[in-house]
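Engineer: Build me a model from this:
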Amino acid sequence: TLFEIISFPWMMQEQPQWKTCALVHGRDSIEAFQPLAETAHDLGMKLIVLDSPGHWLLTSPQYRKMYDEFESIDMTIDEDFPRRIANAVQTVATRRGRIDGICTVSDRCLLPVSKAATALNMPTDPPYSFATAIDKAASRQLCADEGISFLSVRQPAELRTHLKAGTFHAQYPLIVKPSTGWSSEHVFRVKDEAELCLAAERVATRRNTKILIEPFVDGPEVDANFVLCDGELLFFEASDDFPSPADRPGAGMESNFFETANVLPSALPRVEVDRIRDRLYRLLLDMGFRTGVFHLEARVIDSSMEFAAGQDGILDLRPRFVTEKQGRDRSNHAKCFLIEVNPRPPGFQSVYATRLMYGIDYFALNLLTAVGDNLRIQGVGGAFWGRIPIVFPSSVCAPGGGSWCSIVFITGNKGGICDSTDPVADLLARSPSLKPFISMGMSFFKKGDEIPRATPERLVFLGFFLVLSRSARADVIHVAQQIRKEFRMDII
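Structural biologist: Prediction:
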């Protein structure tokens, strides 16, 4: 109902103070920077960008009004990076006045920013929490009670020593990935020892990372987003990550785990979503996190659901086939298997989707966390109704009605020069029947832009769409399929 939707603490006891926040890493494109900058403006917050000399913002005067100041800094990720951040913040503060906090949404910068904020006595969770979260081997060690075996080595030679000595019993398929990495880059599924050793060699080409080897879990994957304030869980949502090429039966190391589509809310049974929430929330607290936005990825072991095509040909989560013996056991044995912890908001595409579905703005909460404005976090950190909404199709957007959203990622393999003026408008012109379902569409390249060629380790995203339906989950999945089929970007 309208009353429930607008039930929001519009007024505060005291007028919020103007704040200034330093953003470390100004993002790689206007598409990624703009929602952050606009959110800061909406909060009445001044934004200082810290990034490399020659950053694209400095050569784009049309975007100058989106931030208050730019301070050039050496962005090399090394032991001295936190000190350089702190020095840059102090330099700007001396010149223009108080800076209230430092934030970032870049994985590489999370730990250095926490260290810099700690050195300046600014709001942040402890650096050791970030260090544990970004090190997947350390995160996995915290889950030792799950009985999941894994191996972390510094060099491929160390792996071969374990294999030869029999101190690591490989049960294929396995996942081989950097202990510190991002965006599913250099993550391999391997099916035998030859692929295992080759994958370890490829991961070793990345600098300053250990090699993590763990089981491949053949279960539904979920994105789980949390909002915490002083340890209290204000908001949680789970969405379904659709299978990647590496999820296919028999897939080997030449396949990848890059995202194809994400649908929210999750279609998993409530008992399974509750277990995901409870397990990952407890893990965040065990890591020492108290306040902020957290994006976690997990799979469900022994889920009652699996991805399968129905009679309509649509791939979606459906009840898993069970034997007669399994059918007599009506208990649900599903367990949560952690993939990774990201102590930051999800990608901006997901930020847009969550705004649309639940009225929660992760970028706003991230900025408020950086400046220690917990009062406003409490105010805007809850959904339209319910303090901790575990949202299902029957209760999303309005009681008695449903709403579903699909994030459609458009990828490409060919490199070259973009020769399309507006691929999104072209698609809508060719397929007007899709327009009522598309809440947002964005192309990442304009005519004349150079498009890099995709590699096995790095996918190129051409754009994305948000597809919304208030009738059926199958609608958003079907429309997503049509978008992928009809999307065109000319590359010469």
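
Engineer: Pull out the buried positions in stretch 167-177.
Structural biologist: For stretch 167-177, burial by neighbour count (16 or more other Cβ atoms under 10 Å) applies to 168, 170, 173, 174, 175, 176, 177. Glycine gets a C-beta too; all of them are placed from N, C-alpha and C.

Engineer: so can I have TSV of those showing distance to residue 290 and secondary structure?
Structural biologist: Output for the buried residues of stretch 167-177, formatted as TSV (distance: Cβ to Cβ, whole Å; DSSP: H, G, I helix; E, B strand; the rest coil):
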residue	distance to residue 290	secondary structure
168	36	coil
170	39	coil
173	37	coil
174	35	strand
175	30	strand
176	33	strand
177	28	strand
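
Engineer: Out of these, which one has the lowest pLDDT?
Structural biologist: Least confident of the buried residues of stretch 167-177 in the model: residue 170, at 88.

Engineer: Just the C-alpha atoms of the helix or strand where residue 441 lies, please, in CSV.
Structural biologist: Assigned by DSSP states H and E, residue 441 belongs to strand 438-443. Extracted in CSV, the C-alpha atoms of strand 438-443 (Å, rounded to 0.1, in the frame of the first residue of the first chain):
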residue,chain,number,x,y,z
ILE,A,438,13.2,-2.1,-19.5
SER,A,439,13.6,0.3,-16.6
MET,A,440,17.2,1.2,-17.6
GLY,A,441,19.6,0.5,-20.4
MET,A,442,23.2,1.7,-20.7
SER,A,443,25.9,1.3,-23.3
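
Engineer: Given the helix or strand that it is followed by, what are its sheet partners and their directions?
Structural biologist: Moving toward the C-terminus from strand 438-443, the next helix or strand (DSSP H and E) is strand 450-451. Paired strands of strand 450-451, with direction, are strand 416-417 (antiparallel) (DSSP bridges).

Engineer: Can you point out the buried residues in the next helix-or-strand element following the strand it pairs with?
Structural biologist: Per DSSP H and E, the first helix or strand lying C-terminal to strand 416-417 is helix 423-430. For helix 423-430, burial by neighbour count (16+ other Cβ under 10 Å) applies to 423, 424, 426, 427, 428.

Engineer: Show me which of these is closest to residue 115.
Structural biologist: Nearest to residue 115 among the buried residues of helix 423-430, counting by Cβ to Cβ, is residue 424 at 40.8 Å.

Engineer: picking that back up, helices or strands up against the strand holding residue 441?
Structural biologist: Applying 3 or more Cβ pairs under 8 Å, 6 or more residues apart in numbering; DSSP states H and E, one finds that strand 438-443 contacts helix 348-358, helix 423-430, strand 460-469.

Engineer: repeat that with 6 Å
Structural biologist: helix 423-430, strand 460-469 (3 or more Cβ pairs under 6 Å, 6 or more residues apart in numbering; DSSP states H and E).

Engineer: now the first one: mean pLDDT?
Structural biologist: Across helix 423-430, the average pLDDT comes to 95.

Engineer: Roughly how far does the closest residue to residue 381 other than its chain neighbours sit from residue 298?
Structural biologist: For residue 381, ignoring the flanking residues on the chain, the nearest one in space by Cβ to Cβ, 6 or more residues apart in numbering is residue 234 at 3.8 Å. Applying Cβ to Cβ, to the nearest Å, the value for residue 234 to residue 298 is 20 Å.

Engineer: Name all residues that make contact with the residue nearest to residue 381.
Structural biologist: Residue 234 is in contact with 227, 381, 382, counting by Cβ atoms under 6 Å, 6 or more residues apart in numbering.

Engineer: thinking again about what came up before, closest one of the buried residues of stretch 167-177 to residue 293?
Structural biologist: residue 177 (23.6 Å).

Engineer: what helix or strand does residue 369 sit in?
Structural biologist: If you go by DSSP H and E, residue 369 is part of helix 362-370.

Engineer: scratch that, residue 226 is what I was asking about
Structural biologist: Applying DSSP H and E, one finds residue 226 within strand 221-229.

Engineer: List the pairing partners of that strand within its sheet, with orientation.
Structural biologist: strand 232-241 (antiparallel), strand 292-301 (antiparallel).

Engineer: what does the next helix or strand after the last one contact?
Structural biologist: Pointing back at strand 292-301 there. Toward the C-terminus, strand 292-301 is succeeded by strand 305-309 as the next helix or strand (DSSP H and E). Residues from elsewhere that reach strand 305-309 (Cβ under 6 Å, 6+ apart): 220, 243, 268, 315, 317, 318, 320.

Engineer: Same list, the residues you listed, but as a markdown table with neighbour count and pLDDT please.
Structural biologist: A markdown table is the format used below for those (neighbours: other Cβ atoms under 10 Å; pLDDT from 0 to 100):
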| residue | neighbour count | pLDDT |
| --- | --- | --- |
| 220 | 26 | 96 |
| 243 | 17 | 92 |
| 268 | 23 | 96 |
| 315 | 15 | 93 |
| 317 | 20 | 96 |
| 318 | 14 | 95 |
| 320 | 15 | 89 |
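
Engineer: Now flag whichever of the residues you listed is closest to residue 33.
Structural biologist: residue 243 (31.0 Å).

Engineer: any idea how far the spatially closest residue to the closest one that is not a sequence neighbour is from residue 337?
Structural biologist: In this structure, residue 243 finds its nearest non-sequential neighbour in residue 307, 5.3 Å apart by Cβ to Cβ, 6+ apart. Applying Cβ to Cβ, the value for residue 307 to residue 337 is 16 Å.

Engineer: The two: who's more crowded?
Structural biologist: Neighbours per residue (other Cβ atoms under 10 Å) separate residue 307 from residue 337, with residue 337 holding more: 21 against 17.
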